[in-house]
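# Next comes the sequence, and after it the predicted model I'd like to discuss.
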Amino acid sequence: MTTISEPPDTASTPAFSRRPARGAAFFSAYVAAGLLLIAFNLRIGVASVGPVLSSIESGLGVSPATASLLTTIPVFAFGAFAFLTPALTRRVGLHRLLGITMAAVAIGIGVRLIPSPIALFGGTVLVGAAIAVANVCMPAAVKQDFGHRVGLMMGLYSTSLFIGAAVAAGLTVPLMSAFGGSWREALGFWVVPAVLALVVWIPRALRRPGRPPVADAPVADAITEPLDEPRFAHLFRDPVAWAVTAFMGLQSLSYYAALTWIPSILHDAGTTQHDAGLLLAYSSIPGILAALTVPAAIGRLRPAWLPVAGSAVLCAIAFAGLLLAPSGALPWVWMTALGLGQGAAIALSLTYIVLRSPDARHTAHVSTMAQGIGYLLAGFGPLALGALHSVTGGWAVPIIALIVLLIPQLLTGAAASRERHVLSGGR
């Protein structure tokens with residue numbers, strides 16, 4: 001395989017490593033802030049819809065099943081559009097593409113302001129597609145720009161995802177009240193952080209790809225090979241790549257199934273609709289804590305599968321609690337355990353994409369495979385749980401199914417935790 005790289009343009013511009021240390025530190029901090037602002041926007045387009053779903057149903061005069069597509073479509077889009085990322089990055093460059101995704105997110109959210117069901121669903125597809133591409137680009141950007149601080153940056157990245165989702169879930173209903181009961185304007189408000197991220201990222205997007213932000217970073221853009229490159233195709237026969245992919249898909253399935261149906265589980269058990277939403281929003285707080293700390297601790301925990309097991313056990317406690325004692329004060333305990341477990345699992349799955357890849361190029365390809373296939377699998381979670389509820393008339397079987405799925409999640413996560421790279425022959 002030919003490695004494609006572009007030497008730094010030392011003739012016209014001094015290499016970044018020659019800049020004063022203070023300038024290098026400032027630019028590195030700026031890039032980190034830009035990446036975290038982008039990450040903040042990668043769940044808002046989905047998380048902002050759920051709290052006002054009933055208002056959307058009545059406003060459009062559609063069934064709950066039709067309205068629920070607004071939360072299901074983006075997850076499938078995360079998977080389906082992920083496979084376009086290598087070709088897109090090859091054309092415009094990794095960092096420019098991240099800027100384009102923020103512009104597309106802003107446009108998609110803006111389109112949803114148009115008083116038309118077609119615009120609402122079309123804007124949702126555009127938001128999902130843009131986030132899908134950004135999802136794949138982010139681990140590659142972290143690997144390229146912060147390969148010496150992967151644990152810290154992946155922890156901050158995962159934390160930004162959680163904070164964005166929590167802020168959108170918690171503020172959309174108050175925004176609707178502030179806008180006179182308009183759910184369209186409440187959803188449209190979230191164009192603001194997308195535009196802010198785009199504006200902040202423009203200098204990095206326009207920077208020449210041959211000039212990395214830190215002295216020891218690679219000089220080539222991360223995704224420089226076509227999707228059908230033999231090296232990429234080999235990932236589909238690689239057990240490490242499949243372990244990372246399966247773990248990503250299973251933990252995402254559990255997360256989105258819980259995100260969609262836990263308010264209904266709690267409400268059907270006697271919790272008010274307001275308190276059910278509050279409990280779900282609260283689970284993001286321990287999730288943020290886990291997402292921030294777990295990636296940085298991976299290298300120090302032994303055995304390597306210990307954090308994977310811990311996250312699975314916490315989720316099992318939460319689901320068992322919802323099955324046996326879904327009312328009263330105990331749901332606060334279950335939501336604490338669920339937030340910690342899911343926060344750790346999400347952070348681990350994203351971090352393993354980076355750690356199991358020897359360089360930024362491989363990170364981009366593993367990210368494409370893991371998130372493309374993983375999110376397609378995850379999209380079936382809410383649908384399957386809803387179908388089980390409809391068939392059985394209760395929540396016991398769906399919750400038991402979530403507990404059972406933690407077994408393959410634990411096994412694939414343990415395999416992904418082994419300290420080896422993809423395409424390394426098991427070494």
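Alright, I've got the coordinates. Numbering: from 1, shown residues only.

# what about residue 331, distance to residue 276?
9 Å (CB to CB, to the nearest Å). All C-beta atoms are positioned from the backbone trio N, CA, C, and that covers glycine.

# Overlap of the contact sets of those two?
Jointly contacting residue 331 and residue 276 under the rule CB atoms under 8 Å, 6 or more residues apart in numbering are residue 266.

# Can you pick out the residue with more neighbours from those two?
With neighbours defined as other CB atoms under 10 Å, residue 331 and residue 276 compare such that residue 331 has more, 26 against 20.

# my guess is the more buried one meets residue 266, correct?
Yes: at 6.1 Å, residue 331 and residue 266 qualify as touching, with contact defined as CB atoms under 8 Å.

# Now the common contact residues for these two.
Common contacts of residue 331 and residue 266 (CB under 8 Å, 6+ apart): 279, 322.

# What is the subsequent helix or strand relative to the helix or strand bottoming out on mean pLDDT in the chain?
Lowest by mean pLDDT, DSSP states H and E among the helices and strands of the chain is helix 230-233, with a mean of 68. Counting by DSSP states H and E, the next helix or strand C-terminal to helix 230-233 is helix 239-268.

# mean confidence for that next one?
On average, the pLDDT along helix 239-268 is 90.

# Within the helices and strands, which one has residue 423?
Using DSSP H and E, residue 423 sits in no helix or strand.

# Spit out the contact partners of it.
Contacts for residue 423 (CB under 8 Å, 6+ apart) come out as 231, 234-235, 238, 240-241, 362.

# and the gap between it and residue 353?
According to CB to CB, residue 423 stands 14 Å off from residue 353.

# same thing with residue 207?
Distance, residue 207 to residue 353, using CB to CB: 24 Å.

# so residue 408 makes contact with residue 247?
No: using CB under 8 Å, residue 408 is not in contact with residue 247; the gap is 9.0 Å.

# These two - which one has more neighbours?
Neighbour count, other CB under 10 Å: between residue 408 and residue 247, residue 247 has more, with 28 against 13.

# so residue 417 makes contact with residue 304?
Yes: counting by CB under 8 Å, residue 417 touches residue 304, with 4.3 Å between them.

# Would you mind listing the residues touching both of these two?
With CB under 8 Å, 6+ apart, residue 417 and residue 304 have common neighbours residue 298.

# So between those two, which is more surrounded?
The residue with more neighbours, out of residue 417 and residue 304, is residue 417; 24 against 14, by other CB under 10 Å.

# Now for the more buried one: which residues touch it?
Residue 417 neighbours (CB under 8 Å, 6+ apart): 298, 304-305, 307-308, 348, 352.

# In this structure, where is pLDDT below threshold?
For the chain, the stretches with pLDDT under 70 are 1-21, 64-65, 208-231, 273, 425-427.
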